[in-house]
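Q: Here is a sequence together with a model predicted from it:
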Number of protein chains: 2
Amino acid sequence: MSGVPELVVLRLLAQREMYGYEIARTLKVLSQGALTLGEGVLYPALHALETRGLLRALPRQVEGRTRIYYRLTPRGRRRLARLAANWQQLSEGVGRILGVADHD
Amino acid sequence: MSGVPELVVLRLLAQREMYGYEIARTLKVLSQGALTLGEGVLYPALHALETRGLLRALPRQVEGRTRIYYRLTPRGRRRLARLAANWQQLSEGVGRILGVADHD
DNA sequence: AGACTATACCTCGCTGTGCGAGGTATAGGA
DNA sequence: TCCTATACCTCGCACAGCGAGGTATAGTCT
């Protein structure tokens, strides 16, 4: 399947550590609304990524609320590279098919 | 989700009518292997699209074998337009996220 | 004749993703 | 007091995607 949520989460965390709610907001802004991860997608995804050893969780108290920051592990970084390459391929493949003008 | 199989099938059929096996081969070639629809994906997808009125089936006998050609209906054409636009948005959104150099 | 490959269709059943809906709790403004 | 924003969470459904397997014909090679 697409694996888009996993891909974009890893990509954001490759730049700097972020917490869940922040990731959701950032994705919405960056993609200009084209890619909105609901919390029912995001949080389970983060937990799965952590369990699989691609992220490390760093809980912190900020202004009376708990934030769980996530940081990419080396394995996570490798995984990101693979997923990004896959996406690139898929994206180009689909683009090529959408773009065929007339092809015997 | 992505809906990529549906999208590319509709796109191919928007050019000319094709039969299942041909669609599979064509996709493989056009996408340069990046997008291979297994028969377990393709045939059920074609049936679903026909049931939903997006395709019309045209069985023909060719050299002793049955081929089922599919042709896009007007509804199918409209559906394709919507899916293509969605894909464009998603693709650009993901691209923007993957491409962020440094953002703070 | 027998075996194998390519063409051409099909179904069944699993897996896992994606997702909405709902739930908890704190801080702060109206 | 109530509502909104922040910040986390889980449950359970729906459904796509996919492999594996099955049928049948035509042609080729041995």
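A: Perfect, thanks for sending it.
Q: C-alpha only now, for contacts and for neighbours.
A: OK.
Q: Contact residues of chain A facing DNA strand C?
A: A:1-6, A:37-41, A:44, A:63-65 (Cα under 7 Å from any atom of the strand).
Q: Buried ones among those?
A: Buried by 16 or more other Cα atoms under 10 Å in any protein chain shown: A:Val4, A:Pro5, A:Glu6, A:Leu37, out of those.
Q: that older thread, just the ones of the residues of chain A next to DNA strand C in helices?
A: Judged by DSSP state H, these include A:Val4, A:Pro5, A:Glu6, A:Glu39, A:Gly40, A:Val41, A:Pro44 as members of helices.
Q: Identify the spatial nearest neighbour of the third one, chain neighbours not counted.
A: Counting by Cα to Cα, 6 or more residues apart in numbering or on different chains, A:Glu6 lies nearest to A:Ala45, which is 6.9 Å off, once chain neighbours are set aside.
Q: To what extent is the one you found buried, counted in neighbours?
A: 15 (other Cα atoms under 10 Å in any protein chain shown).
Q: A:Gln88 now?
A: 16.
Q: Packing partners of the longest helix that chain A contains?
A: The residue-count maximum for a helix in chain A (DSSP H) belongs to helix A:74-99. For helix A:74-99, the elements it packs on are helix A:4-13, helix B:4-13, helix B:20-30, helix B:74-99, judged by 3 or more Cα pairs under 8 Å, 6 or more residues apart in numbering or on different chains; DSSP states H and E.
Q: and the second one, anywhere near DNA strand D?
A: What it means is helix B:4-13. Yes - against DNA strand D, helix B:4-13 shows contacts by Cα under 7 Å from any atom of the strand at B:Val4, B:Pro5, B:Glu6.
Q: Noted, bye for now.
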